[in-house]
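Student: give me coordinates for this.
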Amino acid sequence: MTNTAAAIAESFSRHRFAETFPHLADDVRWVAVGQATMQGKDAVVDACEAATAEMADLNVEFTRFVSIAGPDGAAVDVVARYVAADGQVSVVSSCDIYEFADGKLVAITSYAVELPSA
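Tutor: Have a look, this model is predicted:
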């Protein structure tokens, strides 16, 4: 992966979290608006690994994936369709805002809402 704000942000938003771990600042802060706040690299890595485990049996299709980035920040707007092995479908619209300092990811703010899956 190229070490650019866009590449790091897109990897994180595509749930390819492990690719982003080397780029996390030690004091990174991830705010999942209305849900939780993770502070520090260890807490963010733990949350990412938990999310990866939860999604292990899901098929994920991105029906929208738009990113805008500059050297110190990026935003990624996504609509993802998650299909479980039992056929259950969940559609989520999300927007992640990424902030960088000195080449490291220092802050993530995530907004997400579940959409009707029909």
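Student: for the longest helix seen in the chain, give me every contacting residue.
Tutor: Longest helix in the chain, counting residues (DSSP state H): helix 41-54. For helix 41-54, the external contacting residues (Cβ atoms under 8 Å, 6 or more residues apart in numbering) are 15, 17-18, 20-21, 24-28, 30, 36, 38, 108. In this view, the C-beta of every residue, glycine as well, is placed from N, C-alpha and C.
Student: among those residues, which ones are buried?
Tutor: 15, 17, 20, 24-25, 28, 30, 38, 108 (16 or more other Cβ atoms under 10 Å).
Student: quick check: the residue lying closest to Ala84 once chain neighbours are set aside vs Ile108, distance?
Tutor: Nearest residue to Ala84, sequence neighbours excluded (Cβ to Cβ, 6 or more residues apart in numbering): Leu58, at 5.8 Å. In this view, Leu58 and Ile108 are 21 Å apart by Cβ to Cβ, to the nearest Å.
Student: returning to what we had before: contacts only, for the residue nearest to Ala84.
Tutor: Per Cβ under 8 Å, 6+ apart, neighbours of Leu58: 82-84.
Student: backbone dihedrals for the residue sitting nearest the centre point of the chain, please?
Tutor: Nearest residue to the geometric centre of the chain (Cα atoms, centre = their mean): Ser13, 3.5 Å. Dihedral pair for Ser13: phi -70, psi -20, per degrees, to the nearest 10.
Student: fine, thanks again, bye for now.
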